[in-house]
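Chemist: Sequence and predicted structure are below.
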Amino acid sequence: MTISHFLADDLQSKSQILDLIALAKTIKGSPAEYSQALAGKSVAMIFEKPSLRTHVSFDIGIAKLGGHALYLGQQNGKLGERERVSDYAKNLSCYADAIVARVFSHQSITGLAEHASVPVINALCDLYHPCQALADFVTLAEQFDDLTQVKLAYVGDGNNVSNSLMLVAAILGVDFTLACPEGYGPNSEMFANAQALAEQSGSKLVLTHDASAIGAQDVIYTDTWVSMGDDTKFADIEASFMPFQVNHAMMETTGATKVLHCQPAHLEHEITTALFDDEKYSIVFEQAENRMWAQMAVLVTLFANQ
Ligand code: NVA
C-alpha cells in the first residue's frame, strides 16, 4: 500500500483503510518487530490546540518505532501568523522526516502538505480527525468480526470527529446514523460526499435531529458538545443538546452494547459519568490505546514509501 500523506478520511480508499486497520492490529500484537521501523527518523509535531492522547500517543508510538518526536507548541505563534504556512512546511522539511499537525483550519493542513517535502499527518483540524477515526475502527474491528454488520450511531455535535467517523463508515460499508440537534449537523458538502461513498459501499447513512429516532444500534459514539476553538457558551446550547445526552437509557432503547468517546469527556453533558465508567459498555480506554497503534500503522506505511 502506498500513501504519501494522511490528511483526510475521504482521501483514503477502502483497501487502504482496511490495510491500516490490519497493520495497527499486527503492530499491537508484536510491537518489537517494528522497533526499528523509524530508526534515524525525526517527526516534528505542531500543536495549535491542547492535546493529551494525540501528543502522548504520537510521542510514545514514535519512540516504540525507534524514531524521535519533537513537540512544537505555540512558542512560534499561530501557524501562518509569524511566518507563512508554506515557510513552516519548507523549514520543517529541512530537518524532519514527517510532520504531524493539530491545527485550527484544514487549510493549514493542506498548505503544509502542499509545501512540505515530507509526509504530513492531520492530528485534528476543524473538519477532520482521521487518526481518531482510524483508531475507532481498529477498536470496532477488535469487538466485531464483520464490520459491515455493525450499526454505529454518533450522537451529539456534528464536528471533526463525527465527520471522520461518518466518512470512514461510508467507505467501509458500515451503517451509520448521525443524531444531532438541528443546526449542528455536518456541512452539506461533507454530508453529500459521505452519502455518495455510502451508496458506493452499499451502507446506510441516516441523519436525524430527533434523539428519540436513533433506532436499533450496536455502538453509540459521542464527543464534546463544544469543540476546541468554538466559543459557544454551554448555557446557550444546553437545552438543545440535553436530549442527545448518551446515557444508560439510550443504550437500553437502542440495544447498543458498546459506547465510544474520543475524550476528553465532559461528564454529565454529552455522556453520564455512570455510563462512561461502566465497563460493561464503555470501551473508551481501549479506544484511547488504539490511537497509538493506529498512528504507528500510519507512520510505518508512510515511511515504507520513502
Ligand atoms: N471535537 C473535539 C475533539 C477533541 C479530541 C475538538 O475538536 O475539540
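Modeler: Yep, that arrived. Residues are numbered from 1 along each chain as shown.
Chemist: where do the strands sit along the stretch 51-200 of the chain?
Modeler: 68-72, 98-102, 120-122, 151-155, 175-179 (DSSP state E, counting those that start in this stretch).
Chemist: which parts of the stretch 151-300 of the chain sit against the ligand?
Modeler: Within reach of the ligand by C-beta under 6 Å from any ligand atom, the stretch 151-300 of the chain has these residues: 159-161, 223-224, 227-228, 262. Heads up, the C-betas are built off the backbone N, CA and C, glycines and all.
Chemist: before we move on, what about the stretch 1-150 of the chain?
Modeler: residue 124.
Chemist: Under the pLDDT cut-off, which ranges of the stretch 1-150 of the chain? List them.
Modeler: The model of the stretch 1-150 of the chain has pLDDT under 70 over residues 1-3.
Chemist: hey, where'd the helices end up in it?
Modeler: Using DSSP state H, counting those that start in this stretch, the helices of the stretch 1-150 of the chain run over 14-29, 53-64, 85-95, 106-115, 130-143.
Chemist: Give me the contact list for the second one.
Modeler: With contacts defined as C-beta atoms under 8 Å, 6 or more residues apart in numbering, helix 53-64 is touched by 31, 34-35, 38, 43, 45, 47, 68-69, 71, 100, 102, 123-124, 131, 262-263, 288, 291-293, 295-296, 299.
Chemist: now swap in the longest one and tell me
Modeler: By C-beta under 8 Å, 6+ apart, the residues outside helix 14-29 that reach it are 1, 3, 9, 12, 33-34, 134-135, 137-138, 141-142, 168, 171-173, 201, 290, 293-294, 296-298, 300-301.
Chemist: Neighbours of residue 14, how many?
Modeler: Here the number of neighbours of residue 14 (other C-beta atoms under 10 Å) works out to 15.
Chemist: Quick one: residues contacting the spatially most central residue of the chain.
Modeler: A centroid search over the chain (C-alpha atoms, centre = their mean) returns residue 132, at 2.2 Å, as the residue closest to the centre. By C-beta under 8 Å, 6+ apart, the residues touching residue 132 are 124, 161, 164-165, 262, 291.
Chemist: which of those count as buried?
Modeler: Neighbour counting with 16 or more other C-beta atoms under 10 Å marks 124, 161, 164-165, 262, 291 as buried within the contacts of residue 132.
Chemist: Let me know the closest of those to residue 235.
Modeler: residue 161 (22.9 Å; C-beta to C-beta).
Chemist: wait, what's in contact with that closest one?
Modeler: Counting by C-beta under 8 Å, 6+ apart, residue 161 makes contact with 129, 132-133, 154, 223, 262.
Chemist: what about 6 Å?
Modeler: Contact analysis of residue 161 by C-beta atoms under 6 Å, 6 or more residues apart in numbering lists 129, 132, 223, 262.
Chemist: what would these look like in TSV with distance to residue 54?
Modeler: Formatted as TSV, the contacts of residue 161 follow (distance: C-beta to C-beta, whole Å):
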residue	distance to residue 54
129	9
132	8
223	14
262	10
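Chemist: thinking again about what came up before, how about the buried ones among the contacts of residue 132, which pair is most distant?
Modeler: The span of the buried ones among the contacts of residue 132, defined through C-beta to C-beta, is set by 165 and 291 at 14.0 Å.
Chemist: For these two, list the residues in contact with both.
Modeler: By C-beta under 6 Å, 6+ apart, no residue touches both residue 165 and residue 291.
Chemist: Would you mind listing the buried residues in the biggest helix by length in the chain?
Modeler: As assigned by DSSP state H, the longest helix anywhere in the chain is helix 284-304. Judged by neighbour count using 16+ other C-beta under 10 Å, the buried positions of helix 284-304 are 284, 287-303.
Chemist: before we move on, what about stretch 267-279?
Modeler: Buried-residue list, stretch 267-279, by 16+ other C-beta under 10 Å: 269-272, 275-276.
Chemist: Now tabulate those residues in CSV and tack on pLDDT and secondary structure.
Modeler: What follows is the buried residues of stretch 267-279, written out as CSV (pLDDT from 0 to 100; DSSP: H, G, I helix; E, B strand; the rest coil):
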residue, pLDDT, secondary structure
269, 97, coil
270, 98, coil
271, 98, strand
272, 98, coil
275, 98, helix
276, 98, helix
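Chemist: Next, count neighbours for residue 200.
Modeler: By other C-beta under 10 Å, 12 other residues sit near residue 200.
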